[in-house]
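1. A predicted structure for the sequence below; I have some questions about it.
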Amino acid sequence: MGLGLHGGGVGVAKFFLSQGAKVLVTDLKTKSQLKESLNKLKTKPGLVKPGLVFILGKHRVGDFREADLVIKNPDVPSSSKFLKIARGNKIPIKSDIQVFFELCPAQIIGITGTKGKSTVATLTAELLREKYHTILAGNIGVSPLEFLNDIKEDNKVVLELSSFILEDLQKSPHIAVITNLFPDHLNRYKNFNEYTKAKKKMTF
C-alpha cells in the first residue's frame, strides 16, 4: 500500500516477489506520477515482473478484504479507511521495517531525530565499513528488505528511522540513537508530545 517515489516501496515489492509471493501494489498516485518507481520494477522495457499487479490512482476495497498481508508505506496514516477495512477482516498490517526487524540476523543500529539523522546514519555506516560489511537503509529511500537475503549475522545494519516509520515499530534496534527533538510533522501529530511518543519507540 503506497509504492511511493523514493524507492522504499520498490524494495518491498522486490523482496516479496523474491520469496514467491503474489504482490499487488496499490497507490493513489497515477502511473505518470509513479513513472520512476515503476521503471525500477520492470524486467525489460515494457514488461513487469511476473506475479506483480498494479492498481494505481485509487485503492479498491476488495483488495483490503482479501489480502494475506498488507505492507503499508510509512506515509500512509494508520487512520486510513482502507487499513480499517483490513483490520476489520483480521488481515495483518505491517511495515517493511517491521518485517525486516523480525527476520534480520545482524545487529541493527537505528538512528532518528528531527534534524541530522541522515548525516549521522551515513557517517556511522561509513565508519563501520572500515571493519564490517555494513548496510545503510531506511528513510534514506532504500528499504532494508532489498538487502535481507544477503545479510549475514556478523554484518551491521544502520537504519535511518523517521517518526512515521517508528509508529509501526514493535521492537527496538540493538543500538538506538536519537540526535535531537524539535516540534515537527504537526500536520500529522496532534502535538509535540504525540510526535515524541513516536520517537520514543526507538527505546522499547
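-> Sure thing, it's come through.
2. Now do the helices in the chain.
-> With DSSP state H as the criterion, the chain has helices at 8-18, 35-39, 63-66, 81-88, 96-103, 117-128, 163-166, 192-199.
3. can you redo the ones you listed as CSV with mean pLDDT and distance to residue 173?
-> (Glycine included, C-beta is placed from N, CA and C.) Supplementary listing: the helices of the chain in CSV, determined by pLDDT from 0 to 100; distance: least, C-beta to C-beta, whole Å:
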stretch, mean pLDDT, distance to residue 173
helix 8-18, 91, 17
helix 35-39, 91, 27
helix 63-66, 96, 30
helix 81-88, 97, 25
helix 96-103, 93, 8
helix 117-128, 96, 12
helix 163-166, 88, 10
helix 192-199, 86, 13
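4. I'd like these written out as CSV, with distance to residue 183 and mean neighbour count added.
-> Supplementary listing: the helices of the chain in CSV, determined by distance: least, C-beta to C-beta, whole Å; neighbours: other C-beta atoms under 10 Å:
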stretch, distance to residue 183, mean neighbour count
helix 8-18, 25, 22
helix 35-39, 31, 14
helix 63-66, 33, 16
helix 81-88, 26, 15
helix 96-103, 24, 20
helix 117-128, 16, 17
helix 163-166, 12, 22
helix 192-199, 5, 16
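5. all strands of this structure, in order?
-> Counting by DSSP state E, residue ranges of the strands within the chain are 23-27, 42-44, 47-48, 52-56, 70-71, 93-94, 107-112, 134-138, 156-160, 175-178.
6. Count residues in the vicinity of residue 153, would you?
-> Burial of residue 153 is recorded as 8 neighbouring residues (other C-beta atoms under 10 Å).
7. Pop out the phi and psi values for it.
-> The main-chain torsion angles of residue 153 are listed as degrees, to the nearest 10 and equal phi -60, psi -30.
8. Excluding chain neighbours, what is closest to it?
-> With C-beta to C-beta, 6 or more residues apart in numbering as the criterion, residue 153 has its nearest non-adjacent residue at 4.6 Å, and that residue is residue 105.
9. The one you found and residue 126, how far apart?
-> Between residue 105 and residue 126 the distance is 22 Å, computed by C-beta to C-beta, to the nearest Å.
10. Likewise for residue 83?
-> For residue 83, the distance to residue 126 (C-beta to C-beta) stands at 37 Å.
11. now swap in residue 139 and tell me
-> Remark: distance between residue 139 and residue 126 (C-beta to C-beta) = 17 Å.
12. again with residue 12
-> 26 Å.
13. And for residue 33?
-> Residue 33 sits 33 Å away from residue 126, going by C-beta to C-beta.
14. show me what contacts residue 195?
-> Applying C-beta atoms under 8 Å, 6 or more residues apart in numbering, one finds that residue 195 lies in contact with 163, 181, 183, 184, 185, 186, 189.
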